[in-house]
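>>> this is a predicted model, with the sequence first.
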Amino acid sequence: MIAEGGLAALWLAAALAALQLVLGIMGVRSGRTDLLAAVRPVAVVQGVLTLIAFVALIWLFVTVDLSVALVAANDASTKPLLYKFAGTWGNHEGSMLMWVTILGVAGGAVAILERRLNERTLIATLAAQAAIGLGFYAFLLFASNPFARLNPAPVEGQGLNPLLQDPGLAFHPPTLYLGYVGLSVAFSFAVGALVTRDVGAAFARAMRPWVLGAWILLTLGITAGSYWAYYELGWGGWWFWDPVENASLMPWLAATALLHSVTVLATREGLRAWTVMLAVVAFSMSMVGTFLVRSGILTSVHAFAVDPKRGTFILALLAIYIGGALALFALRVGTVREGSRFDAVSREGALVINNLLLSAILGVVLVGTLYPLIAESLTGEKLSVGPPYFNSAAGPLALILVAVMAAGPVMRWRRDDLKAVAKRIALPVLVAAIAFLAVILLAPGIRILPLLGLVAAAGVGLASLAPLWKRNLRRTPLFIWGMVISHLGIAVSMAGMAAESAFTRETLVATQVGATHKVGPYTVRLDDVQPIAGPNYTAIEATVTARRGAGAPILLKPETRTFPSPQTETNEAAIKTVLDGQLYIVVGKPDDQGRWQLRAWWKPFVTFIWLGGALIAFGGFLAMIGRIRREIRHAPPPEFV
Amino acid sequence: MRRLLIWAPLALFIAFFVVFASGLISPESKTIRSQLIGKPMPTFALAPGVPGKPGLSSAELANGKPHLVNVFASWCIPCIAEAPQLEQLAQAGVPIYGVAIRDRPEDLARFLARNGDPYRAIGGDPNSSVQIALGSSGVPETFIVDGKGIIRHQHIGDIQPQDVPGIMSALGAAK
Amino acid sequence: MRKAALAALLLATASPLLADSLMPAAPYTNEQLPDPKQEAAAKHLMESLRCLVCQGQSIADSDAEMAGDMRSLVRTRIQKGEKPEDIRKWLIERYGDWVSYNPPLDALTWPLWVMPILFLGIGVWIVSGRLKRRNRK
């Protein structure tokens, strides 16, 4: 019953989306803005219906209703409750339903909250949102029905992939989807503005909170995903430039560029066409990411939720939405007025360089990720594009970007004096120079990228605080604080990346129980290895004691887990976090002489990578609060729907 | 100029669309072929993999006759599936030499006793060094080598009954 | 999205249902070279060589047996004094460019290396065109 109810809710929501689209087109064509009064409730009810469908699926998963095919394939009564719950979106159909739900709810939120935008543009925006929704409803209902029944129902489900049985699953995918959907809203605003040729500050202000929100969530999602990979994979790596990781990075890069260009549009009415373009690119990157992951066209994406049929569907949606939007762009952008002028040396100038560099990095990541595919289809030659390429092609661009980031916030809008700017950032430059000398002296032989990373982090860390200089800190607007904290977060994260890559100490040994080994400032000793039983797995648990100099001993318990359904082995690293880094320990298999494989890493300041990520997101959050408060203060008195 | 620029994003998107579509139509192949086809056999000398049988060195292989070099292991399940085909080839007079990957003599002896022994000689490759030198990325794989010691063909995966005629003709061509 | 990546990577590390041999690991598979300089060179090389059986990982962070044997090969050769780039070349001769995560600069891959500069150039060209026009007005 619940499954049928969920399916019915989905069908109804799809019908409402169709209605919303028709009403929207009518409204835009006839210019009858009174239709908005009809479109608004339709969008809201649609959001509620998708939410009902999603809650229904969660309910089926939590109660392990094995008569539903999706539940039988991905759930099991023996699973801990958290993974029954999070397992709802640990599979293709469930995650698509989650996507549609967020899309529906976001559409409803736009309908309720947006009051300042030109009404015709708002109708066009909601129509575009409905069009996106329709495509995904079709995808769910025709190609990936999450509520399909299974007859007869099996006695027990097949269980969730053990590798996904991690608290990360409850948090990481929803955050990314929220981010993607936020970008879809930005896309709809852009399409709406193009349709009504109304690309201006009001449009930028309407779009900005959605871009900001999406960007915060993407930042959190990528940060969390990176930490998840770091502790789960058991080799101490935190970023591999894997195609699927790149697929999540690309929307972030586009959203970061968009976030900055939308500021120029909102403040100075500049970069009109470019901002619209970026909004389209940002959403297309979310779609491309989804496509790359779900279609499995790239080798490194193994058989997980991969199905060429799904790929075809997503590709078709991609062609319709993005192709359509770009064609609209080309037809309409000629009529978009040119933005206000600015000098090369100005805040706008710095933001343009920011956008340029972010776009170049985006291009490098996109083409680098797809290049093996292009090369093989053209010549039949197989090749790999991996970390060495991405580091050396995107790394220098990122360093220049960060250097520009140091100067940008202290520059004036419209026109500034180069000498005056140089004076304002003289201190950070001096600090960077000192950092350069210090690192060269203290760590001779350091590789060039980590060296420059540390130097830039020192300079930018200081420069990011410059906008607060000589300001009354209590009266500084929240969005300035937001910018400062986000930029500081970039410096912190960069310092973490550089320190991790330059100063990590590794110890790989086959060790007898009782023997001690050195890793960085620690001595570690394998004390014991015991079999233990988990809720739905068995494991070998090692007991390792670590000491730093004469400090108190620290107890670490890494595990190797064996899951019966489906049969898999995972390494659970034991990690000790201290102020200046992490000790990371994995115990592997025994050899024929009863020695255990011990992998130990001392990673100085590695935590800064994710701490920086959290700061970036927190800064975004402050900026959002600040912007929204300002909007409310300056908003016209609310009219009634 | 500006008119062209306006359409550039759509053109770029279409180019990417073509890449995606071609990726869907012909997905990347997952097999990694050896690059040594048409090149001489790498030099190596392996100790006997099993007692009572000679080991294998590349020098012995350049003996004027085409032959098969079968990369296999007792712990590999598809290797059991291809054993009858190897037996059939050996009975047809094809010289077959084995490279046993990461194998212990006792396991290998048991494997041969159970699945038949079509090999003239078996070299033990305890750390896959010859396998890597051959550009092979798994077991079983079979290389056709001509009389001058040039690698002519690589068969990836187990040899199934329908593969036998092809291998025989490739051997004939390698004379 | 990323969870899929994780699953993919994890499945590969967690050595799926590929049968494994019973042989102990070759020397230096899971142990470091005594000379830290050599070990650093080996590590740097191993991080940029692709594991042949897992397809999505470097040999430096894979539990697959074959990746282990390749680590053993790399470390042993570095210990004998061979140059890392010669070892990479030797492997590319056998497995093609696929085995190296660092694409070479050749007829097939030059666009990859030209691209960053090209993107920047196009960007600067567009922007500077706009600025100049603005100034003239």
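Arrived safely.
>>> need phi/psi at the residue in chain A positioned nearest to chain B.
Closest residue of chain A to chain B, Cβ to the nearest Cβ: A:Ile297 (3.7 Å). Using the backbone N, CA and C atoms, a C-beta is placed for each residue, glycine as well. Listed backbone geometry of A:Ile297 is phi -80, psi -10, with angles given as degrees, to the nearest 10.
>>> enumerate every residue touching the closest residue to it other than its chain neighbours.
Nearest-residue entry for A:Ile297: B:Gly23, 3.7 Å, with adjacent residues in sequence omitted and distances by Cβ to Cβ, 6 or more residues apart in numbering or on different chains. With contact set as Cβ atoms under 8 Å, 6 or more residues apart in numbering or on different chains, B:Gly23 has these partners: A:Ser295, A:Ile297, A:Leu298, A:Leu373, A:Ser377.
>>> which residues of the stretch 151-300 of chain A lie near chain B?
Taking Cβ under 8 Å from any Cβ of the partner chain as the test, the list of the stretch 151-300 of chain A residues beside chain B reads A:Met277, A:Val280, A:Ser284, A:Val288, A:Phe291, A:Ser295, A:Gly296, A:Ile297, A:Leu298, A:Thr299.
>>> tell me where chain B has helices.
In chain order, chain B shows helices spanning B:2-25, B:58-61, B:77-91, B:105-115, B:129-134, B:164-173, with DSSP state H as the criterion.
>>> most neighbours among the contacts of B:Gly23, which one?
Among the contacts of B:Gly23, the one with the most neighbours (other Cβ atoms under 10 Å in any protein chain shown) is A:Ile297, at 26 neighbours.
>>> any idea how far that residue is from B:Ile25?
From A:Ile297 across to B:Ile25, the span is 10 Å (Cβ to Cβ, to the nearest Å).
>>> now do A:Gly588
When Cβ to Cβ is the yardstick, A:Gly588 and B:Ile25 sit 41 Å from each other.
>>> show me how chain C divides into domains.
Taking automatic domain parsing as the domain assignment, the record places the domains of chain C at C:2-102, C:104-137.
>>> chain center to the first one: distance?
It stands for domain C:2-102. 9 Å (Cα atoms, centre = their mean, to the nearest Å).
>>> more neighbours: A:Gly588 and B:Ile25, which one.
A:Gly588 (20 against 11).
>>> thinking that one is in contact with C:Thr29, fair?
No - using Cβ atoms under 8 Å, A:Gly588 makes no contact with C:Thr29, being 10.7 Å away.
>>> what's the longest helix in chain C?
Ranking each helix of chain C by length (DSSP H) puts helix C:110-136 first.
>>> mind telling me what element A:Ala131 is part of?
Of the helices and strands defined by DSSP states H and E, A:Ala131 is found in helix A:119-138.
>>> can you lay out the contacts of B:Gly23 as CSV showing secondary structure?
Written out in CSV, the entries for these read as follows (DSSP: H, G, I helix; E, B strand; the rest coil):
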residue, secondary structure
A:Ser295, helix
A:Ile297, coil
A:Leu298, coil
A:Leu373, helix
A:Ser377, helix
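>>> name the nearest of the residues you listed relative to chain C.
Relative to chain C, and with distances defined as Cβ to the nearest Cβ, the nearest of those is A:Leu298, at 9.1 Å.
>>> check contacts around that closest one.
The contact partners of A:Leu298, taken as Cβ under 8 Å, 6+ apart, are A:Pro243, A:Leu292, A:Thr369, A:Leu370, A:Pro372, A:Leu373, B:Gly23, B:Glu28.
>>> let's see the pLDDT reported for residue 63.
Let's take chain A. A:Thr63 is assigned a pLDDT of 92 by the prediction.
>>> my question was about chain C, not that one.
We have a pLDDT of 84 for C:Asp63.
>>> quick one: list the elements packing against the helix or strand that contains A:Leu462.
Counting by DSSP H and E, the element that carries A:Leu462 is helix A:448-463. Helix A:448-463 makes packing contacts with helix A:387-407, helix A:426-442, helix A:478-503 when contacts are defined by 3 or more Cβ pairs under 8 Å, 6 or more residues apart in numbering or on different chains; DSSP states H and E.
>>> and it, how far out from the chain middle?
Chain-centre distance of helix A:448-463: 24 Å, with Cα atoms, centre = their mean.
>>> how about it: buried residues?
For helix A:448-463, the neighbour count (16 or more other Cβ atoms under 10 Å in any protein chain shown) marks A:449-463 as buried.
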